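# pasting the structure only:
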């Protein structure tokens, strides 16, 4: 059975933009966790990457699918790098 691998090129412009907004949100969450754990350098890099992706999400989604895929891979690697170092993340049970 042949599996179809979806790439960013297979998505519509709206779906691509949504993916970039989601990845930016995930990077921001990772940055907050890194800051809480005292890793300010990683937090700054993740925050900057998230801002750049969020600001350029429309252009990435519309005009350059090849570079958009590279940006998505880099952001995913940042998140995976943090998760590899912190496999047991702190879960807040606070009730607000």
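Looks like it came in fine. Only a predicted model underlies this, so the values are computations on that prediction, with no experimental measurement involved. Numbers count the residues shown, from 1 in each chain.

# where exactly do the helices run in the protein?
Here the chain has its helices, by DSSP state H, at 13-36, 40-63, 65-85.

# Could you dump those helices into a markdown table with distance to residue 7, mean pLDDT and mean neighbour count added?
Every residue, glycine included, has its C-beta placed from N, CA and C. What follows is those, written out as a markdown table (distance: least, C-beta to C-beta, whole Å; pLDDT from 0 to 100; neighbours: other C-beta atoms under 10 Å):
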| stretch | distance to residue 7 | mean pLDDT | mean neighbour count |
| --- | --- | --- | --- |
| helix 13-36 | 10 | 90 | 17 |
| helix 40-63 | 13 | 91 | 17 |
| helix 65-85 | 6 | 87 | 15 |
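
# mind listing what residue 40 touches?
Neighbouring residues of residue 40 by C-beta atoms under 8 Å, 6 or more residues apart in numbering: residue 34.

# distance of the closest residue to residue 74 other than its chain neighbours from residue 32?
Closest residue to residue 74 apart from its sequence neighbours, by C-beta to C-beta, 6 or more residues apart in numbering: residue 49 at 7.4 Å. Distance, residue 49 to residue 32, by C-beta to C-beta, to the nearest Å: 14 Å.

# Kindly report the same for residue 82.
11 Å.

# For residue 69, see how far away the nearest residue to residue 26 once chain neighbours are set aside is.
Nearest residue to residue 26 in three dimensions, chain neighbours excluded: residue 79, at 5.9 Å (C-beta to C-beta, 6+ apart). Look at residue 79 and residue 69: by C-beta to C-beta, they are 16 Å apart.

# quick one: contacts for the residue nearest the centre of the chain?
The residue lying closest to the centre of the chain (C-alpha atoms, centre = their mean) is residue 23, at 2.9 Å. Counting by C-beta under 8 Å, 6+ apart, residue 23 makes contact with 53, 72, 75, 76, 79.
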